[in-house]
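Peer 1: I need the structure of the sequence given here:
(2 chains)
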Amino acid sequence: MEKYIKIETKNSDLIIKLKGELDEYICSIIKAQIDYEYKSNLSKDIIFDFKEVTFIDSSTLGMVIGRYKKALENGGRVYIVGAKNQVEKIFEISNISSIISRFNNINEITRCS
Amino acid sequence: MNNNKNEMKLCFTSKSSNEMLARNAIASFLAYLDPPVVWLNELKTAVSEIVTNSIIHGYEEDDEKEIRMKSGILGNKVFVEIEDDGKGVKMTDEILNGEIKITSDDKTAGMGFKIVEAFTSNLKVETSENGGTKVYFEKEFFN
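Peer 2: Here you go, the predicted model:
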């Protein structure tokens, strides 16, 4: 699934770089990978980078929220960066910012404690 | 003679991997009109939401069923109709005006119809007595 996802770690952050069209089919495959990496790296916070994503729908929102719930159980947080165009529009309609903080890029993230 | 009537029908198996088939089919159907990317992306998103609903909720992930998509051009708008023979849906206010919450479902976040409404017009959802769901919506042209 390298076409859609690249996972990096930085300290206790899990950085998920996503790419392309992320519908329910793609999300159902990559979320297992995310959960595995989160656990095996003993990560705390998760950063979703949507800079290279061209399409999302509500299943992508579900995937992000599902990971958010897991991170919360672990005392961690989820951050979203890089959304633009259609992706930005879906985030706005859904008002996901009411539960997950969004930033333009990784450098701008201010951590919630 | 300018005939603005044009129609296509597509049947496909209720597999998740066909969500992109549905999106690409609608894009292919309208390609000759050279729609703006933003407009087309909104229509593709609506199609993706409804097809995903059929797969996940209508058929509860039974991937051997049939989904039928019809699309056509009527004057200055395009219509899409997506039909399944699955569980049927009871349209509540909560479904139509989904709000994202921490308790949101992992698969769909309950936001599907809200997104479809934002991107289309004249949304109609029908469930028959024997179950099955037919979702219809329109989108006016961009010119």
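Peer 1: Tell me the spacing between the spatially most central residue of chain A and A:Arg77.
Peer 2: In chain A, the C-alpha closest to the average C-alpha coordinate belongs to A:Phe48, at a distance of 2.9 Å (C-alpha atoms, centre = their mean). A:Phe48 sits at a distance of 11 Å from A:Arg77 (criterion: C-beta to C-beta, to the nearest Å). The way it works is simple: take the backbone N, C-alpha and C, and place the C-beta from them, glycine included.
Peer 1: again with B:Lys44
Peer 2: Distance from B:Lys44 to A:Arg77, counting by C-beta to C-beta: 32 Å.
Peer 1: which one of the two has more residues nearby?
Peer 2: B:Lys44 (24 against 19; other C-beta atoms under 10 Å in any protein chain shown).
Peer 1: What residues sit buried inside the helix of greatest length in chain B?
Peer 2: Assignment by DSSP state H gives helix B:37-53 as the longest helix of chain B. In terms of neighbour count (16 or more other C-beta atoms under 10 Å in any protein chain shown), helix B:37-53 has its buried residues at B:39-53.
Peer 1: hmm, who's touching the helix or strand of chain B with the lowest mean pLDDT?
Peer 2: Across the helices and strands of chain B, mean confidence by mean pLDDT, DSSP states H and E is lowest for helix B:93-96: a mean of 83. For helix B:93-96, the external contacting residues (C-beta atoms under 8 Å, 6 or more residues apart in numbering or on different chains) are B:89, B:110, B:113-114, B:117.
Peer 1: Recalculate using a threshold of 6 Å.
Peer 2: Here helix B:93-96 makes contact (C-beta atoms under 6 Å, 6 or more residues apart in numbering or on different chains) with B:Phe113.
Peer 1: Only C-alpha atoms, please: export it in PDB.
Peer 2: Written as PDB, here are the backbone C-alpha positions of helix B:93-96 (Å, rounded to 0.1, in the frame of the first residue of the first chain):
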ATOM      1  CA  ASP B  93     -32.800  13.700  11.600                       C
ATOM      2  CA  GLU B  94     -29.600  12.300  13.100                       C
ATOM      3  CA  ILE B  95     -28.700  10.600   9.800                       C
ATOM      4  CA  LEU B  96     -29.500  13.600   7.700                       C
END
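Peer 1: Can you name the residues of chain B that neighbour chain A?
Peer 2: Counting by C-beta under 6 Å from any C-beta of the partner chain, the positions of chain B adjacent to chain A are B:16-17, B:19, B:41, B:45, B:48-49, B:52, B:100, B:102, B:104-109, B:111-112, B:115, B:118.
Peer 1: just the buried members of those?
Peer 2: Applying the neighbour count, that is 16+ other C-beta under 10 Å, the buried entries in the residues of chain B next to chain A are B:16-17, B:19, B:41, B:45, B:48-49, B:52, B:100, B:104-109, B:111-112, B:115, B:118.
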